[in-house]
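Chemist: Structure, please.
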Amino acid sequence: MRLKDKVAIITGAGRGIGAETAKKFAKEGAKVVVSDINEEDVNKTVEEIKAEDGESFGIVANVVIRDQVDKMIEDTVEKYGKLDIIVNNAGITADAKLVKMTEDQWDKVIAVNLKGVFNCGQAAAKVMTEQGHGVILNASSIVGIYGNFGQTNYAATKWGVIGMTKSWAKELGGKGIRVNAVAPGFIVTPMTEKMPEKVLEMMKNKSPIKSLGYPEDIANAYAFLASDEARFITGAVLSVDGGVVL
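Modeler: As a prediction, this is how the structure comes out:
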């Protein structure tokens with residue numbers, strides 16, 4: 001097991017990519033802290049992990065609220081004595097074309113996707129610096145690299161996450177902390193499953209392998225980057241997109 005006895009926090013782990021990542025980490029031997037804003041979703045992921053004999057507990061936290069983030073980190077360290085990995089997966093969308101995007105849509109996405117990552121990354125880095133080791137993994141997107149119609153706010157945050165990732169890698173490398181990002185392509189989630197079939201087919205056809213990705217594809221990437229197999233990788237952005245941008 002690649003993550004045996006590691007302690008990992010996964011934000012936005014109540015469903016989708018976050019939940020799959022939490023379950024993957026547990027299967028790889030990690031003690032997983034499932035964090036999300038929705039208590040019911042948190043409990044569901046924790047129960048699924050425990051049903052497979054994994055070790056996990058849940059924390060309801062809003063990544064935008066710094067006091068809640070600090071408590072999440074403190075509770076984790078109090079329970080397990082350390083923090084080896086944090087996956088900053090929590091994120092939202094509020095799509096609209098530029099001329100129709102409201103200030104509220106802009107502010108909400110910036111708050112969760114950018115400030116939330118900053119809050120969690122900074123709080124985790126303080127603990128990891130004291131320990132002398134750690135891994136910080138951030139959720140970017142191919143939208144953050146190439147842009148996307150109707151997603152000015154989302155693209156801005158995901159590009160910003162890449163900037164934070166590279167900056168943190170330079171700042172924290174000397175402290176024994178690696179920082180990387182994953183940039184998913186079109187992934188099948190509860191959100192995409194609601195899309196019209198013709199839209200899903202169009203997304204499939206953009207990929208050379210004619211396929212959409214699944215949450216486990218992203219979870220596998222996170223597990224690799226979190227493991228010692230990736231000990232010489234930092235400041236990287238791993239695109240997991242089926243070649244859709246080729």
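Chemist: Could you pull up the mean pLDDT of the longest helix belonging to the chain?
Modeler: Longest helix of the chain, by residue count under DSSP state H: helix 152-172. When pLDDT is averaged along helix 152-172, the result is 98.
Chemist: by contact count, what packs against whichever helix or strand comes after it?
Modeler: Next helix or strand after helix 152-172 toward the C-terminus (DSSP states H and E): strand 177-184. Packed against strand 177-184, as judged by 3 or more Cβ pairs under 8 Å, 6 or more residues apart in numbering; DSSP states H and E, are the following elements: helix 116-131, strand 134-139, helix 142-146, helix 152-172, helix 215-226, strand 237-240. Using the backbone N, CA and C atoms, a C-beta is placed for each residue, glycine as well.
Chemist: If we go by neighbour counts, what in strand 177-184 is buried?
Modeler: 177-184 (16 or more other Cβ atoms under 10 Å).
Chemist: what about the least confident helix or strand in the chain by mean pLDDT, distance to the chain center?
Modeler: In the chain, no helix or strand scores lower on mean pLDDT, DSSP states H and E than helix 197-205, which sits at a mean of 84. Offset of helix 197-205 from its chain centre (Cα atoms, centre = their mean, to the nearest Å): 25 Å.
Chemist: follow-up on the earlier one: just checking, what packs against the longest helix of the chain?
Modeler: For helix 152-172, the packing partners by 3+ Cβ pairs under 8 Å, 6+ apart are helix 103-110, helix 116-131, strand 134-139, helix 142-146, strand 177-184.
Chemist: Redo the ones you listed as CSV? Include mean pLDDT.
Modeler: Compiled in CSV, the helices and strands packed on helix 152-172 are given as follows (pLDDT from 0 to 100):
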stretch, mean pLDDT
helix 103-110, 98
helix 116-131, 98
strand 134-139, 98
helix 142-146, 95
strand 177-184, 98
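Chemist: Make JSON lines from those and add distance to Asn88 to it.
Modeler: Converted to JSON lines, those look like this (distance: least, Cβ to Cβ, whole Å):
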{"stretch": "helix 103-110", "distance to Asn88": "15"}
{"stretch": "helix 116-131", "distance to Asn88": "5"}
{"stretch": "strand 134-139", "distance to Asn88": "5"}
{"stretch": "helix 142-146", "distance to Asn88": "13"}
{"stretch": "strand 177-184", "distance to Asn88": "9"}
